[in-house]
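[1] coordinates only, sequence not included:
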C-alpha cells in the first residue's frame, strides 16, 4: 500500500513539474507574440502611410487596390495571430503591399512596373533594396536600399530598425531569434536573403 502511495506521489510531482514547464513556455510565447505584434504594428502603419502618400490615380488604381488589400490582410493577420510564427504572414503581406505601391507609382509615372525585390534589410521602412551588400554583422549578403548600400560601402553603420533588448535599443539583427517570424515574412527563411 505504501509503494502505491509513493508511486502516486511521484506521478503527481512529475505532473506538476510538467505543467509548470509547459506553462512557462506558453507564457514566454505569449510575451514574444505581444512584443512582435507591437513591433510589427509600426510596419502595418507605415504601409498605410505609403498608400496614402501615393494618392489616387487612375493609372495605378489596380495596384493601389492590391496594396490596400495587402494592408487589410496584414491588419487581420496581426489581429488574429495566436503564435509568434503567425507574424510571418503579416510581414509577407506587407512586403507584397509595398511592391504593389511601387508598381502603382511606376504606372503613374508611365514607367514599367519594377521587378519584385526584397525590402531593405536594415530597415524595411526604407523601401525596396537596390543591391545586395556584404555586411560584417550578418553571414551572407543582405538586400539594401541605396542609402544603406552607400553606408556599408563607406564602412559606416546603416540606419537600422531597432528593437529594445534588455533596456537597450539595438539593431533588429541583434535580436534575430526573437524577431525571426517578423524577418522571415520580409526576407524569407534565413531572415536576410534577397
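    Good, I have the coordinates. Note that the coordinates shown come from a computational prediction; the quantities given were computed from them, not determined experimentally.
[2] residues near residue 181, how many?
    Neighbouring residues of residue 181 were enumerated by other C-beta atoms under 10 Å; the total is 22. The C-beta positions use only the backbone N, C-alpha and C, and glycine is treated the same way.
[3] And the pLDDT for it?
    Model confidence at residue 181, given as pLDDT, is 94.
[4] same question, residue 94
    Residue-level confidence at residue 94 comes out at 96, pLDDT.
[5] Does it touch residue 72 like I think?
    No: look at residue 94 against residue 72 with C-beta atoms under 8 Å: they stay out of range, at 11.4 Å.
[6] So these two - more neighbours on which side?
    The residue with more neighbours, out of residue 94 and residue 72 and counting by other C-beta under 10 Å, is residue 94; that gives 28 against 14.
[7] quick one, what contacts the more buried one?
    43-44, 47, 70-71, 74, 124, 185-186 (C-beta atoms under 8 Å, 6 or more residues apart in numbering).
[8] again with residue 39
    Residues in contact with residue 39, defined by C-beta under 8 Å, 6+ apart, are 163, 179, 182.
[9] excluding its backbone neighbours, what's nearest the second one?
    When you say that, I think you mean residue 179. The shortest distance from residue 179 to any non-neighbouring residue, by C-beta to C-beta, 6 or more residues apart in numbering, is to residue 172 (5.6 Å).
[10] isn't the one you found right up against residue 162?
    Yes: contact status for residue 172 versus residue 162: in contact at 6.7 Å, counting by C-beta under 8 Å.
[11] which of the two has more neighbours?
    A count of neighbours by other C-beta under 10 Å puts residue 172 above the other of residue 172 and residue 162, at 21 against 15.
[12] where's residue 122, which helix or strand?
    Taking DSSP states H and E as the definition, residue 122 sits outside all helices and strands.
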